[in-house]
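>>> Pasting a predicted model and its sequence here:
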Amino acid sequence: MKKQTEDMKLSKIMSKMLRHKPEESGLKLDITDGSCTVEHLLQIIQSLPGWSGVKQTDIERIVRNSDKQRFEIHNGRIRARYGHSYQKIEYTPGNPPDVLYHGTNKQALPFIMADGLDPVGRQYVHLSESTNFAALAGSRRGELVMLKVNTIKAREEGIAFYYAGHEVWLAEWIPWELCSIDDEESNSGEVNT
């Protein structure tokens, strides 16, 4: 259990550095893709009080075991795939499946119905190819409401989708009219639309 707790703490440190506040720790990220060398990240983490014993294998384990596959390592460089709040990472537009999912909660639903799906403090709206992956995010803050996004109509309206890897797709905004509630995957069929 201690190893899981340490891994969770290390994952949160990595998220803060790679997704939200790299400058606070002195981490320098590439402005185009938000990456840095694994070695540079390791040095910064090792400089933190209580983290001098972290090894590259620990970082690699966090990347490999992340339930949401937040990070990726490629050619000695590491980056967060999505979820950035500090700068806008550029992605190449892609063609997603006809339906993508977004997990949210019952309290957020009225705001989404009024304003559409918007990034709320992040750079992009996160969507998923599967309900399982979307439910991980949506159920964290209350009763799960699963939304389906019609990407065919969205693309016809000029909305771009970007593939971030491991089932995750991103968009800058999705109007409510292109969403529907998936009653089968939501915690309650009593959601009013």
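Nice, I can see it.
>>> which helices and strands sit right next to the helix or strand of the chain at the bottom of the mean pLDDT ranking?
Least confident helix or strand of the chain, by mean pLDDT, DSSP states H and E, is helix 131-138 with a mean of 80. On a contact count with 3 or more CB pairs under 8 Å, 6 or more residues apart in numbering; DSSP states H and E, helix 131-138 meets strand 99-105, strand 125-128, strand 144-150. Where C-beta positions appear, they are placed from N, C-alpha and C, glycine not excepted.
>>> Run the angle between the first one and strand 144-150 for me.
Interaxial angle, strand 99-105 versus strand 144-150 (axes from the mean of the first three to the mean of the last three CA atoms, to 10 degrees): 150 degrees.
>>> Just give me how far strand 99-105 sits from the chain centre.
12 Å (CA atoms, centre = their mean, to the nearest Å).
>>> Mind putting the helices and strands packed on helix 131-138 into TSV with distance to Ala160, mean neighbour count and mean pLDDT?
Listed next are the helices and strands packed on helix 131-138 as TSV, based on distance: least, CB to CB, whole Å; neighbours: other CB atoms under 10 Å; pLDDT from 0 to 100:
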stretch	distance to Ala160	mean neighbour count	mean pLDDT
strand 99-105	13	22	94
strand 125-128	12	24	92
strand 144-150	13	22	94
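>>> Among these, single out whichever gets nearest to Ile73.
For these, proximity to Ile73 was assessed by CB to CB; strand 125-128 is nearest, at 20.7 Å.
>>> which residues touch the closest one?
82-83, 96, 100-103, 117-119, 134, 137, 149, 161, 164, 167-174 (CB atoms under 8 Å, 6 or more residues apart in numbering).
>>> Of these, which count as buried by neighbour count?
Neighbour counting by 16 or more other CB atoms under 10 Å classes 82-83, 96, 100-103, 117-119, 134, 137, 149, 161, 164, 167-171, 174 among the contacts of strand 125-128 as buried.
>>> mind listing the strands for the chain?
Counting by DSSP state E, the segments of the chain that form strands are 36-37, 71-74, 77-80, 93-94, 99-105, 125-128, 144-150, 161-165, 168-171, 179-181.
>>> With distance to Lys9 added, can I get those strands in CSV?
Below are the strands of the chain laid out as CSV (distance: least, CB to CB, whole Å):
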stretch, distance to Lys9
strand 36-37, 20
strand 71-74, 15
strand 77-80, 17
strand 93-94, 34
strand 99-105, 25
strand 125-128, 23
strand 144-150, 26
strand 161-165, 24
strand 168-171, 23
strand 179-181, 35
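>>> Out of these, which is closest to Asp7?
strand 71-74 (12.6 Å).
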